[in-house]
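Visitor: have a look at this prediction, sequence included:
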Protein chains: 2
Amino acid sequence: MIRITREADYGIVLMACLAQAEGQPRSAAALARQRRLPLPMVSKILKSLARAGLLSSQRGAQGGYSLAWPAAKISAADIIGALEGPIAITECSDETHDGCSRQDHCEISGHWSRINQAIYTALQSISLEEMSRPDQPRPVRFHSPHRVTTVNAAGHPV
Amino acid sequence: MIRITREADYGIVLMACLAQAEGQPRSAAALARQRRLPLPMVSKILKSLARAGLLSSQRGAQGGYSLAWPAAKISAADIIGALEGPIAITECSDETHDGCSRQDHCEISGHWSRINQAIYTALQSISLEEMSRPDQPRPVRFHSPHRVTTVNAAGHPV
DNA sequence: CTAATCGGTACTGGATTAGTACTATTTATG
DNA sequence: CATAAATAGTACTAATCCAGTACCGATTAG
């Protein structure tokens, strides 16, 4: 399972809430209540998003967070990147990765970056505006409980 | 950071090795030596890949593993899916995810599946054959140590 | 002034994962 | 036929990482 942290998971949910709020600031507590998420966690996430420039914050009474950009200009990649750092699927890209091969560079390291690039592009093509539309009740489920039926390569037919 | 397990990481490296072996079977020990990876780990991964139908195994002396399909027909999604189960970025898609919202369905659950789909498509577009070409020494690094310069949305210019 | 709210840091418990150990099974080869 | 080489399977352990908590400081509306 390719995984993002729960922080990024919640982050997208929260951003979607704020997108629906139409620029009106919402407090961390209000969002936590609305989504039934633990307040400290929500607070932490919103802080990170604000620091990354995706949200603008207003301190003091009646303060709160609101989107710093139109929802259409914010992508899933932006949100995930803000909360998890650079979008990279392995630590391979970091300089000290020596257990991998005796050569200076792992032979396929270049291809990792290609994979990263592909994922990044995919995530960037999804805007917050799209995600915050409360449309489709629950479309086709992408993965089934048993992977063999969907993803697996044994049957291979994609 | 979007992450795959190290198992999948190694898995791709090993598959790339086998792709370069041109159908000739390689033993787990040989591959472990070649890549300086712990043998038990390599063994475990190869077993999983074989069970998923991506590799065929030959027992006994002079045995080993070899690709069950042409490298061009195997995608990164196949390998990762075989080692990590279905490609899903959150557990949101599983039935019992109730901490998220008081409603039966999380408002953006449908969009998670869209994100999954996008990533899956991206991973599937990358074939093992592409990855096993030992070309480009080290192309443009996708992410920099400081995310602000590449991914981040504060500067936003993507 | 006071209450509400954001901002930052450090800590802890728990889940997940990497890695190991051991044994059974299969098969080429002398 | 005997032996050695290799895969197959399973259970276990140790370490890492992450979610979540707690606490206090800074800012601002009323």
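Guide: Arrived safely.

Visitor: pull the residues that contact the helix or strand where residue A:9 lies.
Guide: For residue A:9, the element it lies in under DSSP states H and E is helix A:6-20. Here helix A:6-20 makes contact (C-beta atoms under 8 Å, 6 or more residues apart in numbering or on different chains) with A:26, A:31, A:34-35, A:37, A:41-42, A:44-46, A:48-49, A:54-55, A:65-67, A:71, A:74, A:76, A:79-80, A:82-84, A:128-129, A:131-132, A:134, B:90, B:92, B:100, B:106-108, B:111. From N, CA and C alone the C-beta is placed, and that goes for glycine too.

Visitor: in helices, which of the residues you listed fall?
Guide: A:31, A:34-35, A:41-42, A:44-46, A:48-49, A:76, A:79-80, A:82-84, A:128-129, A:131-132, B:111 (DSSP state H).

Visitor: quick check, the helix holding residue A:9 touching DNA strand C?
Guide: No: using C-beta under 7 Å from any atom of the strand, helix A:6-20 never reaches DNA strand C; the gap is at least 10.5 Å.

Visitor: what about stretch A:30-44, start to end distance?
Guide: End-to-end span of stretch A:30-44 (C-alpha to C-alpha, to the nearest Å): 14 Å.

Visitor: ok, and of the ones in helices among the contacts of helix A:6-20, which contact DNA strand C?
Guide: Okay, of the ones in helices among the contacts of helix A:6-20 touching DNA strand C (C-beta under 7 Å from any atom of the strand), that's A:44, A:46.

Visitor: can the helix holding residue A:9 be said to contact DNA strand D?
Guide: Yes: contact of helix A:6-20 with DNA strand D (C-beta under 7 Å from any atom of the strand) involves A:6-7, A:10.

Visitor: so where's chain A uncertain?
Guide: Along chain A, segments meeting pLDDT under 70 span A:1, A:85-110, A:134-158.

Visitor: interface residues of it facing DNA strand D?
Guide: So chain A meets DNA strand D at A:5-7, A:10, A:38-41, A:44, A:59-63 (C-beta under 7 Å from any atom of the strand).

Visitor: before we move on, back to that, which of the contacts of helix A:6-20 are buried?
Guide: Buried subset of the contacts of helix A:6-20 (neighbour count, 16 or more other C-beta atoms under 10 Å in any protein chain shown): A:26, A:31, A:34-35, A:37, A:42, A:45-46, A:48-49, A:54-55, A:65-67, A:71, A:74, A:76, A:79-80, A:82-84, A:128, A:131-132, B:90, B:92, B:100, B:106-108, B:111.

Visitor: enumerate the residues of chain A near DNA strand C.
Guide: Applying C-beta under 7 Å from any atom of the strand, we find that chain A lies next to DNA strand C at A:1, A:3, A:27-29, A:43-44, A:46-47, A:50-51, A:57-65, A:99.

Visitor: give the buried subset of these as a PyMOL selection command.
Guide: For the buried members of the residues of chain A next to DNA strand C, the matching PyMOL selection, counting by 16+ other C-beta under 10 Å, is:
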select buried, chain A and resi 1+3+27+28+43+46+50+57+64+65
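
Visitor: keep only those of the residues of chain A next to DNA strand C that are in strands.
Guide: A:57-58, A:64-65 (DSSP state E).

Visitor: need those residues in JSON lines with distance to residue A:16, can you?
Guide: JSON lines is the format used below for those (distance: C-beta to C-beta, whole Å):
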{"residue": "A:57", "distance to residue A:16": "18"}
{"residue": "A:58", "distance to residue A:16": "20"}
{"residue": "A:64", "distance to residue A:16": "16"}
{"residue": "A:65", "distance to residue A:16": "13"}
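
Visitor: which of the residues you listed sits closest to residue A:121?
Guide: Residue A:121 lies nearest to residue A:65 out of those, by C-beta to C-beta, at 28.1 Å.

Visitor: who does the spatially closest residue to that closest one that is not a sequence neighbour bridge with?
Guide: Spatial nearest neighbour of residue A:65, excluding adjacent residues (C-beta to C-beta, 6 or more residues apart in numbering or on different chains): residue A:55 at 4.7 Å. Residues in a beta bridge with residue A:55, per DSSP bridges, are residue A:67.

Visitor: what separates residue A:55 from residue A:64, distance-wise?
Guide: 10 Å (C-beta to C-beta, to the nearest Å).

Visitor: what of residue A:52?
Guide: 17 Å.

Visitor: residues near residue A:17, how many?
Guide: Using other C-beta atoms under 10 Å in any protein chain shown, the number of residues around residue A:17 comes to 18.

Visitor: distance-wise, check it relative to residue B:51.
Guide: From residue A:17 to residue B:51 the distance is 43 Å (C-beta to C-beta).

Visitor: likewise residue A:13?
Guide: From residue A:13 to residue B:51 the distance is 36 Å (C-beta to C-beta).
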